[in-house]
Structure formats: structure tokens, C-alpha cells
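here's my sequence, what's the structure:
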Amino acid sequence: MLYIAEAFLLTLDMTFSSHAATIAAFGKEFAKSGKVDQKFHRYLIDAQDYRNQGDYGVGPGVTQKQAAELIEWANNFIFTL
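Numbering: from 1, shown residues only. Predicted structure coming up:
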């Protein structure tokens, strides 16, 4: 999902060096402006939180149910946008 968000931002000649900056810019330029449904920005935010839990041990970890939800979000991101 992050790479898709980056591709959207590249259409505006925008690049960022951090996940957080990319997610924020996608929200500002595409979700808040109404160009895409705001749920896609929420997906990015929540996926980043799960990534931090899974990769860095921040929080309780990621359950199988949460992982399945992330896959569903990613499919929506890929096939809807």
C-alpha cells in the first residue's frame, strides 16, 4: 500500500524519505481533497501501526485476524485505486 501511495504522490512530483511523511502527504493530497476515499488513508495509518507492532515489537503484536484484515485492505488498495 505504501508503494501505491508513493506512486500517487509521484504523479504530483512529490517524494518523501519516511513512511510517516508519505502517509501524511497521501492523506493531504488525495484523501482530504476527496480524490480518493478517506478510508485508504486510514488503511495506511493503521497498516503502519501494525508494521511497527510486527517488525519492532511495539505493542501487543499482530494477530492472524489483523494480518488477514491487512491483506483485505491491500487488495482494496490495489484493485480500487
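
buried sites along the strand or helix carrying Ala47?
Assigned by DSSP states H and E, Ala47 belongs to helix 38-56. By neighbour count on 16 or more other CB atoms under 10 Å, the buried set for helix 38-56 is 40-41, 43-44, 47-48, 50, 53. In short, each C-beta sits where N, CA and C put it, glycine included.

any chance of those residues in JSON lines with pLDDT and distance to Phe16 as columns?
As requested, those are exported to JSON lines (pLDDT from 0 to 100; distance: CB to CB, whole Å):
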{"residue": "Phe40", "pLDDT": "97", "distance to Phe16": "17"}
{"residue": "His41", "pLDDT": "97", "distance to Phe16": "15"}
{"residue": "Tyr43", "pLDDT": "97", "distance to Phe16": "18"}
{"residue": "Leu44", "pLDDT": "97", "distance to Phe16": "13"}
{"residue": "Ala47", "pLDDT": "95", "distance to Phe16": "16"}
{"residue": "Gln48", "pLDDT": "95", "distance to Phe16": "13"}
{"residue": "Tyr50", "pLDDT": "90", "distance to Phe16": "20"}
{"residue": "Gln53", "pLDDT": "87", "distance to Phe16": "22"}
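
point out where this structure drops to low pLDDT.
For the chain, applying pLDDT under 70 flags no range at all.

residue closest to the middle of it?
Leu44 (1.9 Å; CA atoms, centre = their mean).

if you skip the residues just before and after it, what's nearest to that residue?
Ile23 (4.7 Å; CB to CB, 6 or more residues apart in numbering).

in contact with the one you found, which residues?
With contact set as CB atoms under 8 Å, 6 or more residues apart in numbering, Ile23 has these partners: 2, 5, 41, 44-45, 48.

export the helix or strand harbouring Ala68 as PDB, just CAs?
Element membership of Ala68, judged by DSSP H and E, is helix 64-80. Provided in PDB are the C-alpha atoms of helix 64-80 (Å, rounded to 0.1, in the frame of the first residue of the first chain):
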ATOM      1  CA  GLN A  64      -3.800 -13.600  12.400                       C
ATOM      2  CA  LYS A  65      -7.100 -11.700  12.300                       C
ATOM      3  CA  GLN A  66      -5.300  -8.400  11.900                       C
ATOM      4  CA  ALA A  67      -3.000  -9.800   9.300                       C
ATOM      5  CA  ALA A  68      -6.000 -11.100   7.300                       C
ATOM      6  CA  GLU A  69      -7.600  -7.600   7.600                       C
ATOM      7  CA  LEU A  70      -4.400  -6.000   6.300                       C
ATOM      8  CA  ILE A  71      -4.400  -8.300   3.300                       C
ATOM      9  CA  GLU A  72      -8.000  -7.300   2.600                       C
ATOM     10  CA  TRP A  73      -7.100  -3.600   2.800                       C
ATOM     11  CA  ALA A  74      -4.200  -4.200   0.500                       C
ATOM     12  CA  ASN A  75      -6.400  -5.900  -2.100                       C
ATOM     13  CA  ASN A  76      -8.800  -2.900  -1.800                       C
ATOM     14  CA  PHE A  77      -5.900  -0.500  -2.300                       C
ATOM     15  CA  ILE A  78      -4.600  -2.400  -5.300                       C
ATOM     16  CA  PHE A  79      -7.900  -3.100  -7.100                       C
ATOM     17  CA  THR A  80      -9.900   0.000  -6.200                       C
END
